[in-house]
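Novice: For reference, the sequence and a predicted model appear below.
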Amino acid sequence: DARVTQTPRHKVTEMGQEVTMRCQPILGHNTVFWYRQTMMQGLELLAYFRNRAPLDDSGMPKDRFSAEMPDATLATLKIQPSEPRDSAVYFCASGLVRLVSYEQYFGPGTRLTVT
Amino acid sequence: GDSVTQMEGPVTLSEEAFLTINCTYTATGYPSLFWYVQYPGEGLQLLLKATKADDKGSNKGFEATYRKETTSFHLEKGSVQVSDSAVYFCALSDQVDDYKLSFGAGTTVTVRA
């Protein structure tokens, strides 16, 4: 049963610290997404990649957030420096683009708390 | 741009009651439509989908029909269980927008025994 995995599942850190979240997409999927979920804003798309190339990161605060895919099995989202307003659940999702449509499969999320 | 509007919650039901969550969409192309479900503490899971007009998606007793004439994709279940308590998200993806998902705000459903 193929799944998207994310680490860590929970992270508590102090303001100003660097945070790195990791995602392993489903093998064979060519598109990877990063989302942020908060009570106030709901689900927000932060960035996404296709075939490891970044296609859109307009949803991310550019000064502190960065997303990369060093290889096909790993996507990372980094926040430096972190701020309390970054507290949220961060989801990674992957999918395989097909001719008509495709589904996105979500990981369990990383719950980030910045104090 | 593409957008999804879904019924606001929260919705509270008794076990075995009928559930409907309304969802309407706006899209420039011919989108695919999805319902995702999020159980407490978990990520989103695909519940069902429909890729063209008049398609019916179904899974776990849930159904939704893609209605192009009313731009709707309402979710229904005839007899809910306590285990159906979750947040339900309507979403669409459109080739025009490179298949990115546009989500509704989510509807929290609580089923009481």
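Specialist: Here it is on my side, so go on. Only a predicted model underlies this, so the values are computations on that prediction, with no experimental measurement involved.

Novice: in the sheet, who's paired with residue 37?
Specialist: Since you didn't name a chain, this refers to chain A. Taking DSSP bridges as the rule, A:Q37 bridges to A:L43, A:V89.

Novice: Wait, chain B was what I had in mind.
Specialist: Note on B:V37: beta-bridge partners B:Q45, B:Y88, judged by DSSP bridges.

Novice: so what's it up against?
Specialist: Going by C-beta atoms under 8 Å, 6 or more residues apart in numbering or on different chains, B:V37 touches B:44-45, B:47, B:86-89. No exception for glycine: its C-beta is placed from N, CA and C like everyone else's.

Novice: What residues does chain B have near chain A?
Specialist: On the criterion C-beta under 8 Å from any C-beta of the partner chain, chain A has as its neighbours in chain B the residues B:32, B:34, B:36, B:42-46, B:49, B:51, B:89, B:93, B:95, B:98-101, B:103, B:105-106.

Novice: Just the buried residues of those residues.
Specialist: Using 16 or more other C-beta atoms under 10 Å in any protein chain shown as the burial test, those include B:32, B:34, B:36, B:43-44, B:46, B:49, B:51, B:89, B:93, B:99-101, B:103, B:105-106 as buried.

Novice: tell me the SS of B:V96?
Specialist: Look at B:V96: counting by DSSP: H, G, I helix; E, B strand; the rest coil, its state is helix.

Novice: Relative to B:S79, how far out is it?
Specialist: Using C-beta to C-beta, to the nearest Å, one obtains 38 Å as the distance from B:V96 to B:S79.

Novice: so what does the helix or strand of chain B with the lowest mean pLDDT touch, helix or strand wise?
Specialist: Using mean pLDDT, DSSP states H and E, the weakest-scoring helix or strand in chain B turns out to be strand B:101-103, at a mean of 90. In terms of contacts (3 or more C-beta pairs under 8 Å, 6 or more residues apart in numbering or on different chains; DSSP states H and E), strand B:101-103 is packed against strand A:42-50, strand B:3-6, strand B:86-93.

Novice: try it again with 10 Å
Specialist: strand A:31-38, strand A:42-50, strand B:3-6, strand B:32-38, strand B:86-93 (3 or more C-beta pairs under 10 Å, 6 or more residues apart in numbering or on different chains; DSSP states H and E).

Novice: Let me know how buried residue 16 is, in neighbour terms.
Specialist: Using chain A here. Number of residues near A:G16 (other C-beta atoms under 10 Å in any protein chain shown) recorded here: 10.

Novice: that answer is for a different chain, and I need it for chain B
Specialist: Around B:E16 sit 10 other residues, with neighbours defined as other C-beta under 10 Å.
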